[in-house]
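1. Test case, fold it:
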Amino acid sequence: MMIANKQINGQVHPAAGLLYNSSSIINVSPEGRIVSIFTGAWLLGAAISSVDKKPVNSLLKLLGAGYLLYRGISGNSLFNGVMGKRQPDRHTRAVNIRTAILIDNPREEVFYFWRQLSNLAVFMKHLQSVEERDPLHSHWVVKGPGGIGTLEWDAEIVKEIPGQFLGWRSLAGSSIATAGRVTFTDIPGGGTAVDVMLTYRAPAGQIGSGLAWLLNPAFERMVVNDIRRFKHFMETGETAQ
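-> Model prediction:
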């Protein structure tokens, strides 16, 4: 049985976060964005209060307020863009995925199969391999689009509750910033509820250096389907196509 997939993009992120991610260029400093939002809000209030007495003046204020609010919320200045100015990209787009499944196997069995991280490449098509180097550290290799090229990083287990919880993250300096956590919970009848959260984020300034394929909806769907294959593999012992 499958629980409805919940992809965090578009559901859990606050509205401001969505605007951060949808802006292709961030070229306004954090301080400038705050000033723009407050000034835009003040202009909006002034325009509304004087619309009956000075309609033309109010219209100009509304236009100015709209631009300033856009500038502050999105971090994108049309003027700075024309001038070629760009703020260091602190808000590179991330892929955040959450999905949950029910598996007809005992919790301990499901947990320890996942805990042997090298097993993940058996059912996750986007993974080429996961090599466990010691009890806490591992090396991950992800296949590029169409199987062309790879992306590699080292990761560490940051929290483990045997049989219940596993959390990991990539090491500092990795080519991709990634983290994940999986919880395993008993359900009536002896099965297991598995809740998975995964995040992939390109390091600041590297979104255009061959990593864009990793940060798109097609990759998100692939990862969600990989979790479904995990269910199939655990229940049948066979890898799904």
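
2. what sits against Val182?
-> By C-beta atoms under 8 Å, 6 or more residues apart in numbering, the residues touching Val182 are 114, 165-167, 194-197. For every residue, glycine as well, the C-beta is placed using N, CA and C.

3. Figure out the helix or strand that it lives in.
-> strand 177-187 (DSSP states H and E).

4. Tell me the helix or strand right after that strand.
-> By DSSP H and E, the next helix or strand past strand 177-187 is strand 191-201.

5. Could I get the average pLDDT for that next one?
-> Average pLDDT, strand 191-201: 90.

6. Now Ala46. Nearest residue, chain neighbours left out?
-> Distance criterion C-beta to C-beta, 6 or more residues apart in numbering; nearest residue to Ala46, sequence neighbours excluded, is Lys61 at 5.6 Å.

7. Kindly confirm my reading that that neighbour is in a helix.
-> Yes. With DSSP: H, G, I helix; E, B strand; the rest coil as the criterion, Lys61 is part of a helix.

8. That one: neighbouring residues, count only.
-> 21 (other C-beta atoms under 10 Å).

9. so how far is Ser36 from it?
-> 15 Å (C-beta to C-beta, to the nearest Å).

10. Tell me where the protein is predicted with low confidence.
-> Along the chain, the parts satisfying pLDDT under 70 run over 1-35, 38, 71-94, 145-148, 202-217, 240-241.

11. Do a quick rundown of the strands in it.
-> 94-103, 127-132, 137-143, 150-161, 165-170, 177-187, 191-201 (DSSP state E).

12. how about stretch 176-196: buried residues?
-> Using 16 or more other C-beta atoms under 10 Å as the test for burial, stretch 176-196 gives 176-184, 191-196.

13. about what we covered before: any chance of the contacts of Val182 in TSV, with distance to Leu102 too?
-> Listed next are these as TSV, based on distance: C-beta to C-beta, whole Å:
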residue	distance to Leu102
Trp114	15
Phe165	17
Leu166	18
Gly167	21
Val194	8
Asp195	10
Val196	12
Met197	17
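
14. List just the nearest of these to Asn105.
-> Val194 (9.9 Å; C-beta to C-beta).

15. Dig out what the residue lying closest to that closest one once chain neighbours are set aside forms beta bridges with.
-> Spatial nearest neighbour of Val194, excluding adjacent residues (C-beta to C-beta, 6+ apart): Ile101 at 5.2 Å. Applying DSSP bridges to Ile101 gives these bridge partners: Met2, Val194.

16. how close does Ile101 sit to Ser36?
-> Taken as C-beta to C-beta, the span from Ile101 to Ser36 is 44 Å.

17. Kindly report the same for Ser174.
-> Ser174 is 34 Å from Ser36, by C-beta to C-beta.

18. Among the two, which residue is more densely surrounded?
-> Taking other C-beta under 10 Å, Ser174 and Ser36 do not tie; Ser36 has more neighbours (21 against 16).

19. quick one on the thing from earlier: Asn225: which of the buried residues of stretch 176-196 is nearest?
-> Of all the buried residues of stretch 176-196, Asn225 sits closest to Val196, with 12.3 Å by C-beta to C-beta.

20. Lovely, talk soon.
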